[in-house]
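Enquirer: Give the three-dimensional model of this entry:
(chains A and B)
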2 protein chains.
Amino acid sequence: MSNGLLGNNKIVQVGIIVRDIEKTAAEYAEFFGIEKSGAMLTDPIEKAETEYKGKPSEARAKLAFMDFGSVQVELIEPDEHPSTWREFLDEHGEGIHHVAFFIKGMKEKVMTLTGKGFAVDQTGEYTGGRYAYINTREKLKTMIELLEND
Amino acid sequence: MSNGLLGNNKIVQVGIIVRDIEKTAAEYAEFFGIEKSGAMLTDPIEKAETEYKGKPSEARAKLAFMDFGSVQVELIEPDEHPSTWREFLDEHGEGIHHVAFFIKGMKEKVMTLTGKGFAVDQTGEYTGGRYAYINTREKLKTMIELLEND
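Expert: Okay, here's the model as predicted:
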């Protein structure tokens, strides 16, 4: 716990945007001597309720997760629909997109952050929880992701 | 420990290149409710023995460190001399430059990595240890830093 805007300062994930998740997951496996992580597809809009910059988006991504100590590396291969993932790939190319934090009380946290002037670039649901990408790029030099598990 | 090229898969640091370290350190302090981290200057070439792409470089940087759980965030403000930090700022702008791992046996690890075709972009000494930035961008989509403390 902390007195900051998230109530939690523990980085739990580093999210990396890639063009070819199978290829990059294989490179990670070889480099770090770990089993190759299988990629999963995010849920369709009906289930994920994905919103990008305040509008519903059909965007989906392939995701692969690997443990690196207490931090998870998440590889993300975006599709062509509008999303924070696609935007990053188009503007910056492949690279680290965000660091993530577990939070409690998504609605309240998002209200606090928008009240402080931060934009909520994307939100969605996943089985057992929900996420929000907060555009902290100007001030923190990276996006952050809030994760809330039920 | 692991069977990978580093012998260690624990991410201990996320390194972020910034233009104005005092300003960004203040933003981090406010956002996360932590004390503002003071910036320190890396050692001059005589002590740091900095090499960038195989040649000695006068490059120095201002650094600030903050703890985020088991991971440290390192803010890095490069000077104008040639370095991996300056190159990143010029080519990509501000953002996450590397993730770091503690290793043992720097010379052997660097030999193993160069033998696998990875370039060593920058090396240097600091009080109590040494670092090497390995250019894993093409395969891992980020640079990695090896840290060896005595």
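Enquirer: burial of A:Tyr133, as a residue count?
Expert: The burial count assigned to A:Tyr133 is 24, neighbours taken as other C-beta atoms under 10 Å in any protein chain shown. The way it works is simple: take the backbone N, C-alpha and C, and place the C-beta from them, glycine included.
Enquirer: Which residues of chain A lie near chain B?
Expert: Residues of chain A found near chain B (C-beta under 8 Å from any C-beta of the partner chain) are A:2-6, A:9-12, A:14, A:16-18, A:24, A:27-28, A:31-34, A:67-71, A:73, A:92, A:94-96, A:99, A:136, A:139-142.
Enquirer: List the contacts of the spatially most distant residue from the centre of chain A.
Expert: For chain A, the residue at maximal distance from the C-alpha centroid (C-alpha atoms, centre = their mean) is A:Gly33, at 24.8 Å. By C-beta atoms under 8 Å, 6 or more residues apart in numbering or on different chains, A:Gly33 lies in contact with B:Ser2, B:Asn3, B:Gly4, B:Leu5, B:Asn9.
Enquirer: just those residues now: which is nearest B:Phe118?
Expert: B:Leu5 (8.4 Å; C-beta to C-beta).
Enquirer: contacting residues around the closest one?
Expert: By C-beta under 8 Å, 6+ apart, the neighbours of B:Leu5 are A:Phe31, A:Phe32, A:Gly33, B:Lys109, B:Thr112, B:Leu113, B:Lys116.
Enquirer: at 6 Å what do you get?
Expert: A:Phe31, B:Thr112 (C-beta atoms under 6 Å, 6 or more residues apart in numbering or on different chains).
Enquirer: in what helix or strand does it lie?
Expert: Element membership of B:Leu5, judged by DSSP states H and E, is empty: it is in no helix or strand.
Enquirer: Tell me where the model's unsure across chain A.
Expert: Counting by pLDDT under 70, chain A shows low-confidence ranges at A:1-2.
Enquirer: Let me see the ranges of the strands in it.
Expert: Using DSSP state E, the strands of chain A run over A:13-17, A:40-41, A:51-52, A:55-56, A:61-68, A:71-78, A:95-102, A:119-126, A:129-135, A:143-149.
Enquirer: contacts for the last one?
Expert: So that's strand A:143-149. Contacts with strand A:143-149, where a contact means C-beta under 6 Å, 6+ apart, come from A:97-100, A:102-103, A:106, A:128-134, A:136-137.
Enquirer: which of the residues you listed count as buried?
Expert: Among the contacts of strand A:143-149, those classed as buried by 16 or more other C-beta atoms under 10 Å in any protein chain shown are A:97-100, A:103, A:106, A:130-134, A:136-137.
Enquirer: Would you point out the most distant pair within the residues you listed?
Expert: Maximum distance among the buried ones among the contacts of strand A:143-149 (C-beta to C-beta): 21.5 Å, for A:Arg130 and A:Arg137.
Enquirer: quick one on the thing from earlier: show me just the buried residues among the residues of chain A next to chain B.
Expert: Buried, going by 16+ other C-beta under 10 Å: A:4-6, A:9-12, A:14, A:16-18, A:24, A:27-28, A:31-32, A:34, A:68, A:71, A:73, A:94-96, A:99, A:136, A:139-142, out of those.
Enquirer: How far off centre is the helix ranked longest in chain A?
Expert: Longest helix in chain A, counting residues (DSSP state H): helix A:21-32. How far helix A:21-32 lies from its chain's middle: 19 Å, per C-alpha atoms, centre = their mean, to the nearest Å.
Enquirer: And stretch A:27-35, by the same measure?
Expert: With C-alpha atoms, centre = their mean, you get 22 Å for stretch A:27-35.
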